[in-house]
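J.: sequence plus the predicted model coming up.
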Amino acid sequence: MGKTENFDVEVGGRLQTATDVANIAVGQRGGGVVYVRDLGVVKDGPEEISRSSVFVEKNRAPESAVSIVFAKRKGTNVVILARELLDRAEAFSKGLPGDIKMSVVRDYGSTASDKSNELIEHLLIATLSVSVLIALVMGFRASLVVATAIPVTLALTLAIYYFLGFTLNRVTLFALIFSIGILVDDAIVVVENIERHLKLKNNGGIVKATIRAVSEVGNPTILATFTVIAAILPMAFVRGLMGPYMKPIPVGASYAMILSLFVAFIVTPWAAVRLLKHDHGSDGHGDQPEKIGRLDRIYESVMRRLLGQRRAAFGFGLFSIVLLLATMSLVYFKSVKVKMLPFDNKSEFQILIDYPPTTTLLDNSRWTTELAEALAKSPEVRSVQVFAGEPAPFSFSGMVKHTFLRRADYLADLQVVLSEKHDRKVSSHEIIESLRPTIAEFSKKHTAISKVLEIPPGPPVLATMMAEVYGPDEKTRKAVAAEIHKVFANEKSVVDLDTTLRLGRPRRFYEFDQKTGGSLGTKASDVMQLGRLAFSESALTTLSDVSAPEDVAVELSLMGSARSSDRPFQDLSVPSFESGSVAVENVLGRAQTEETETLYRKKFETCFICDERALGL
């Protein structure tokens, strides 16, 4: 028998260039061949623009930009990763054309490094401050004993963090700083009582005196330690976003407290024996009268007067009440700002702009770029990146606010980059307050709603202040929501006011005439498919271009001028077995405009009113 062979069969060949696409034959009319080039225009270029990104740098013209974002894996050191990525990007950019420039907009690795170094510096300062304070009150040797206990406790706490899987970050470092004031309590109590026993000149030497001193304060120290743990540990059982974010603080502090208890009973007595002075010249007649220090004498004098004189006690109580009322009045007179977390001095902030829903992408990009150029004139603003029709790379705050869902032609995000905080004298919050009039004037001019998002120093929330409206029916909820919205609008301290009752982009609806369509032999599905082809880009095939890094798609698209006209279906037809060809306009009714309203549900309720930033109460 002869040898048999298998082949892959391909019919029609492959498309290589735009010319190949233009020369595709689609039929014949009047004896001539009809090609694709006879029916439309074949362009070799980018797809239809559905989003826009513009980079505005100080003293430079706006330029189109592409953002590349990296996210680290869990457990990865972001400081090292950011440095490696920047090195690779720098090496890669050397091979790019000269008109392409790379700019670093966000470097959270550098930010994390600065924050960690700052917290470690504060950790050392806190340790030194506690040691100096003890040295002034109890003496230099006693401060050495306590200073020995602090690093031992912190080292053991870091080991616990490692075994629990907590990384060394800003939250865990803050937990250590928060714990220092509590950690030294046990050691101070033990050291102070050891010193007291040593001054009594007890027989038996320093070791027995130390053991007696530790035994004397053991039970109250243990009780006080577990009381503090009971006060802070419930924070570890908080659910939701705050739970995993804040968990290292109560867990770390609780473990640190337990470890400080062991250090106070083991390391502190050992250090006291080694470092504290002891007078071995005991006279053998038992305990001598204890000497009273100057601070003790002052305390006894004050308390004797308060407890022994009714007039002094009454005056002290009245003075305390006056101080309490004066403190509370600071809130009433708005002398202080009530806020869950303090404002942080960041090098960036974000602006969200919602134009009227009928705004086109071209107007969105043009208007937002104008705002970016106005903001870039501020001395403290280094650059502004505009994202029109697409969301900006979201941060931790944007993740909670769901800014990654902002994909519409009338939505815009601005990422504003400020100069480094060590290069300016004002904080980022003060800079934002100075720019708010410019943003407000722009929003009023274009009938837009703007929201300024400051990068929070702690867990972000959906809104700084939010009112949820519950009611028996939709009409009641809307009426109450409108009333609350009016109350918020009249409050000067409330800015960036918004409501979820805003309407979305309206729809233009063409109803299919079933009777006429049926008589002409047209199908509703054919008309629907034609509408989809007319108002969207349809991928047909791909070019066989091996030099391209990705597949080059061949897409069918209707001219923009035809889609944006009042009669988009003019000159379009669908096939019919009975009539041959039917003009689409003959089977469609007049265009009707319908409003689009989004319903937000939470426990089967629908209406929210929220504002993005309250400057004070």
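T.: On my side now, so go ahead.
J.: quick one: the residue lying closest to S110 once chain neighbours are set aside from T111, how far?
T.: Closest residue to S110 apart from its sequence neighbours, by Cβ to Cβ, 6 or more residues apart in numbering: A82 at 6.6 Å. (Glycine included, C-beta is placed from N, CA and C.) Look at A82 and T111: by Cβ to Cβ, to the nearest Å, they are 9 Å apart.
J.: the residue nearest to S110 contacts D107, correct?
T.: Yes. A82 lies in contact with D107 (Cβ atoms under 8 Å); the separation is 5.9 Å.
J.: so those two - more neighbours on which side?
T.: The neighbour comparison of A82 against D107 (other Cβ atoms under 10 Å) goes to A82, with 21 against 15.
J.: just the element for that one, please.
T.: Assigned by DSSP states H and E, A82 falls within helix 78-93.
J.: also N219?
T.: helix 205-232.
J.: same question for that helix, mean pLDDT?
T.: Summarised as a single mean, pLDDT over helix 205-232 is 86.
J.: cool, stretch 112-127 as well?
T.: Rounded mean pLDDT across stretch 112-127 is 78.
J.: then stretch 141-160?
T.: Here the average pLDDT along stretch 141-160 is 82.
J.: ok, and what's touching that stretch?
T.: Contact with stretch 141-160 is made by 123, 127, 130-132, 134-135, 168, 176, 179-180, 183-184, 187-188, 191-192, 195, 252, 255-256, 259-260, 263-264, 267-268, 271-272, 275-277, as judged by Cβ atoms under 8 Å, 6 or more residues apart in numbering.
J.: pull it out as CSV, backbone CA atoms only.
T.: C-alpha atoms of stretch 141-160 as CSV (Å, rounded to 0.1, in the frame of the first residue of the first chain):
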residue,chain,number,x,y,z
ARG,A,141,20.4,52.8,88.4
ALA,A,142,16.6,52.2,88.6
SER,A,143,16.2,53.6,85.1
LEU,A,144,18.8,51.2,83.8
VAL,A,145,16.8,48.3,85.3
VAL,A,146,13.6,49.5,83.6
ALA,A,147,15.4,50.3,80.3
THR,A,148,16.7,46.7,80.4
ALA,A,149,13.1,45.4,80.6
ILE,A,150,11.8,47.4,77.7
PRO,A,151,13.9,45.9,74.8
VAL,A,152,13.5,42.4,76.2
THR,A,153,9.7,42.7,76.2
LEU,A,154,9.7,44.3,72.8
ALA,A,155,12.0,41.6,71.4
LEU,A,156,9.7,38.8,72.8
THR,A,157,6.6,40.6,71.4
LEU,A,158,8.2,40.8,67.9
ALA,A,159,8.9,37.1,68.1
ILE,A,160,5.2,36.5,69.0
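J.: could you list the buried residues of that stretch?
T.: 141-150, 152-154, 156-158, 160 (16 or more other Cβ atoms under 10 Å).
J.: you'd agree L558 is in a strand?
T.: No. Judged by DSSP: H, G, I helix; E, B strand; the rest coil, L558 forms no part of a strand; its state is coil.
J.: list the contacts of it.
T.: Counted by Cβ under 8 Å, 6+ apart, L558 has contacts 533-535, 568.
J.: the residue most central in space within the chain and K58, how far apart?
T.: Among the residues of the chain, the one closest to the centroid is S397, at 1.9 Å (Cα atoms, centre = their mean). Distance check for S397 against K58: by Cβ to Cβ, it reads 25 Å.
J.: try V546
T.: Distance from V546 to K58, counting by Cβ to Cβ: 43 Å.
J.: domains of this structure?
T.: 14-45, 110-332, 507-594 (automatic domain parsing).
J.: tell me the most buried of the ones you listed?
T.: Neighbour counts (mean count of other Cβ atoms under 10 Å) averaged over each of those peak at domain 110-332, with a mean of 16.
J.: what is the end-to-end distance of that domain?
T.: Length of domain 110-332, first residue to last, Cα to Cα, to the nearest Å: 41 Å.
J.: and it, how far from the chain's centre?
T.: 35 Å (Cα atoms, centre = their mean, to the nearest Å).
J.: also stretch 105-117?
T.: 15 Å.
J.: any weak-confidence spans in the protein?
T.: 1-2, 169-170, 181, 201-204, 240-242, 277-293, 338-342, 456-460, 602-617 (pLDDT under 70).
J.: re earlier: can you list the domains of the chain in JSON lines and add distance to L352?
T.: Listed next are the domains of the chain as JSON lines, based on distance: least, Cβ to Cβ, whole Å:
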{"stretch": "domain 14-45", "distance to L352": "32"}
{"stretch": "domain 110-332", "distance to L352": "20"}
{"stretch": "domain 507-594", "distance to L352": "24"}
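J.: so which of those domains is nearest D354?
T.: Nearest of those to D354, taken as Cβ to Cβ: domain 507-594 at 18.3 Å.
J.: what's the end-to-end length of the closest one?
T.: Counting by Cα to Cα, you get 5 Å between the two ends of domain 507-594.
J.: again, but for stretch 35-52
T.: Start-to-end, stretch 35-52 (Cα to Cα) is 34 Å.
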